[in-house]
Every structure is written in structure tokens, then in C-alpha cells.
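A.B. asks: Next input, structure requested:
(one chain, ligands or ions: 1)
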Amino acid sequence: MEINVKSLKQICEIAGAPGFEKRVRELVIELVTPHADEVKTDNLGNVIAVKKGTRNPDGKRVMVAAHMDEIGFIVTHIDDNGFLRFHTLGGFDPKTLTAQRVIVHGKKDLIGVMGSKPIHVMSQEERNKLPKTTDFFIDLGMPKEEVERYISIGDSVTRDRELIEMGDCVNCKSIDNRVAVFILIEALKKLENPAYDVYATFTVQEEVGIRGANVAAHGINPDFGIALDTTIAFDVPGAQAHEKVTELGKGTAIKIMDAMTICDYRMVEFMKQTANKEKITWQPEILTAGGTDTAGVQRMGKQGAIAGAISIPTRHLHQVIEMAHKQDIAYSIDLLVACLEQLDSYDWKH
Ligand SMILES: [Zn+2]
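C.D. replies: A predicted model of the protein is given here:
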């Protein structure tokens, strides 16, 4: 099973901090338009690609959500020597910022480095302390006058890291959640006979609190919902068996719950049955910290939606070197397509 790594690379590498999704949105619109009956963008910036159901006399709607934004930063201050201070957009682990290259999106894109105090000049006490995001600054290697020619307070900043293949894995910044954007686009390409009307929704501002999905679900008012997002794969040295959440290369993950959603038991069962029938390798996922668009999809329509999520096991989540397994990605595409095509074959009354 091969995936289109070239397309995944393009989708992962493009910038799109929360609230600054313009570039990734334009790419998504370009990629989905040939495969949808209608493509629209709402006032918040969510892209909604509709594919009509083929057996849908009651006009049922299924919303599939994948967030386009990635964790990033916003410039808050330019000091007298041209160094930038910033605030985080999304949850960063401060220790992962050390010595990273970032891209500051001003009048033009500038490469910056995340600077901090060298260990040589740290006190013993400082050496033993975990860094905070406020310990860092961005060094553009330019004096203030030159920085101000291109950069203003309020400009967004994203991580700079290209996609590479490592064994059967892909490694890049923003695997969370561009891998799901990729999966949703690939699924639209493959989808021949969706049961109900599919609202493929590429949401904004998930990383700052599911803001886009809330608005989109309110507008779509779905009967069914499936969110797509990465989840923790803590299958690494030092992890206890009960801490793993998921494992890389062990298949797509069917979400049972995360900290913001208990998935509908019927959707969980339907996904398991569909995966088993289609010989799609899957693993269960329970994430006790962190939420996804599933929350908005499930609860923001007028009567709520029968909702669940397909998760992509990801190592090193919210760092610059997020990693997923190509086979898990392929299985996730297949499970999504099968679910959308067979949604009317399940008895949802029980
Ligand atoms: Zn995510």
C-alpha cells in the first residue's frame, strides 16, 4: 500500500499557524476542488468541500473534520537589538524549542533561530530547571532597522522543518495535523459511493481550542461526524505498556475517548466492524489529556451528531520532528472511505 508522499510533503511543509491559515487554505482549496461537488469557505476560514450522497433520500449529512492549523507563535515585541519576543499559539513543550529554526511570516518570510541562554553561562540552579517559553527569543541575525522593514508585531511564526522518509515512516513538522488534511483529500479522491452527503471540513484554530470546528459544525448541523487527527504514539524507550496510547505501524486508531469527547458507542462499533470487514488493521485509542475537533463535531449541531474519530498514531507529537507510519496513514484513508460508503448499512437505532 503506497501513499502519495509528494503530496503529503507539500501539505505538511506549508505554513498555517492558528488564525493564519491563508496559505494552507489556498492549497487545500486547489487540491479538493476537482474532487468535490461544491467548495465553500465560511467567515472563520474553514473550508467545506461537499460531496453528495448517492443513497440519501432524507438528506443526511456527515461532517468529516481535519484541522489545517499547526502550533505556532505570534510576534509580540521587537527589541532594540532586533530580537523578537513571541507568544505561543497552541501547546508547546518549551524544551523542544531549543536551537530550532523558525520562519517569521512578515512582509517576506525570514528564517529565525530560537535563542536561549548558553549552558556555559547558566547557574547550577538554571541548569536544573526546565525552560519556559518566555526564556526564548527569536534571532533573525539582523539589526532592528532591518527587522522592522519586514516584520511587525502580530506576524505569525511557524517551525521550519522539511518532510523526509525514514524507513516506513514520514518525519516533518506539522504531521499534526496535515497528515489528516492529506488523508481527507485522498479519501475524497477515492470516494465513489458515499451513502450520505459528505461535508469534508478543513478547520481553522483547532490548536487554540477547537474554534473552527465549533463554528463549522454549527453551520453544517451534521447527523454524523468523524474527526481526523493525530494521537500520541508513546511506544518508545521508557514507556510502560499502559502508557503507550497507540503504537506506530500497528494500524489506524479508532478513538474511544479523549479529554473532551466520549465517542458515540455506535460510531466506535461501526468503525470497528467496518475495519474488520475490510481487513483494515486498527488499534483502539484512549487519550486522557488533550481534545480534538471531535468535540465540536459532536456537540455544535442543533441535535448533536453521532460522532467518533479516526486517529493517526504519531511519535514526538508537538515537537518539530513529528513522525507517522505510512501504513497507518494508508489504513486511515481506507477506513474513512469504507465508513463513508457504508454509513447506511449500520443500524443506528440501537
Ligand atoms: Zn491536532
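A.B. asks: Around the ion, which positions in this structure sit nearby?
C.D. replies: The chain comes close to the ion at residues Asp176, Asn177, Asp229, as judged by Cβ under 5 Å from the ion. All C-beta spots, glycine's among them, are computed from the backbone N, C-alpha and C.
A.B. asks: List the strands paired with the helix or strand harbouring the last one, with their directions.
C.D. replies: So the one you mean is Asp229. For Asp229, the element it lies in under DSSP states H and E is strand 224-232. Using DSSP bridges, the strands paired with strand 224-232 in its sheet are strand 61-67 (parallel), strand 306-314 (parallel).
A.B. asks: from the middle of its chain, how far away would it be?
C.D. replies: Relative to its chain's centre, strand 224-232 lies at 9 Å (Cα atoms, centre = their mean, to the nearest Å).
A.B. asks: Now the element after that strand, going C-ward?
C.D. replies: Using DSSP H and E, the next helix or strand after strand 224-232 towards the C-terminus is strand 252-258.
A.B. asks: for Ile254, what are its contacts?
C.D. replies: 268, 271-272, 275, 282-285, 308-311, 335 (Cβ atoms under 8 Å, 6 or more residues apart in numbering).
A.B. asks: So for it, what pLDDT did the model give?
C.D. replies: Confidence at Ile254, expressed as pLDDT, is 98.
A.B. asks: And for it, nearest residue in space, chain neighbours not counted?
C.D. replies: Excluding the flanking residues, the one nearest Ile254 by Cβ to Cβ, 6 or more residues apart in numbering is Met271, at 4.7 Å.
A.B. asks: quick one: buried residues of the host helix or strand of that neighbour?
C.D. replies: Met271 belongs to helix 265-277 when elements are defined using DSSP H and E. Of all the residues in helix 265-277, those buried under the rule 16 or more other Cβ atoms under 10 Å are Arg266, Met267, Val268, Phe270, Met271, Thr274, Ala275.
A.B. asks: Helices along the stretch 51-200 of the chain, start to end?
C.D. replies: 124-128, 144-150, 175-190 (DSSP state H, counting those that start in this stretch).
A.B. asks: Next, report how far the second one is displaced from the centre of its chain.
C.D. replies: Spelled out, that is helix 144-150. Distance, centroid of helix 144-150 to centroid of chain: 33 Å (Cα atoms, centre = their mean).
A.B. asks: With the shortest one instead?
C.D. replies: Helix 124-128 has its C-alpha centroid displaced from the chain centroid by 35 Å (Cα atoms, centre = their mean).
A.B. asks: Now it: average pLDDT?
C.D. replies: 88.
A.B. asks: Disregarding residues adjacent in the polypeptide, which is nearest to Trp348?
C.D. replies: Spatial nearest neighbour of Trp348, chain neighbours left out: Arg266 (5.8 Å); criterion: Cβ to Cβ, 6+ apart.
A.B. asks: Next one: the one you found from Ser332, what distance?
C.D. replies: Taking Cβ to Cβ, to the nearest Å as the measure, Arg266 falls 20 Å from Ser332.
A.B. asks: neighbours around Glu125, how many?
C.D. replies: Neighbour count for Glu125, taken as other Cβ atoms under 10 Å: 7.
A.B. asks: Next, the angle from the strand holding Asp229 to helix 265-277.
C.D. replies: Computed by axes from the mean of the first three to the mean of the last three Cα atoms, to 10 degrees, the angle separating strand 224-232 from helix 265-277 equals 70 degrees.
A.B. asks: what about the residue nearest to Lys95 when sequence neighbours are not counted, how many neighbours?
C.D. replies: Leaving aside its sequence neighbours, Lys95 sits nearest to Pro131 (Cβ to Cβ, 6+ apart; 5.7 Å). Neighbourhood size, Pro131 [other Cβ under 10 Å]: 16.
A.B. asks: got any ranges where the chain has weak pLDDT?
C.D. replies: Across the chain, the ranges flagged by pLDDT under 70 are 1.
A.B. asks: Show me the domain layout of it.
C.D. replies: The record's domain parsing of the chain by automatic domain parsing lists 5-70+173-345, 72-159.
A.B. asks: most packed of the ones you listed?
C.D. replies: When the domains of the chain are scored by mean count of other Cβ atoms under 10 Å, the highest mean neighbour count falls to domain 5-70+173-345 (a mean of 21).
A.B. asks: Quick one: distance of that domain to the chain centre.
C.D. replies: In terms of Cα atoms, centre = their mean, the centre of domain 5-70+173-345 is found 8 Å from the chain centre.
A.B. asks: can you give me the end-to-end distance of it?
C.D. replies: End-to-end distance of domain 5-70+173-345: 33 Å, with Cα to Cα, to the nearest Å as the criterion.
A.B. asks: quick revisit: which of the domains of the chain sits closest to Glu165?
C.D. replies: domain 5-70+173-345 (6.4 Å; Cβ to Cβ).
A.B. asks: nearest spatial neighbour of the residue in the stretch 201-350 of the chain that the ion sits nearest to, skipping sequence neighbours?
C.D. replies: For the stretch 201-350 of the chain and the ion, the shortest gap (Cβ to the ion) falls at Asp229, measuring 4.4 Å. Distances taken as Cβ to Cβ, 6+ apart put Thr292 closest to Asp229, at 4.3 Å, once the chain neighbours are dropped.
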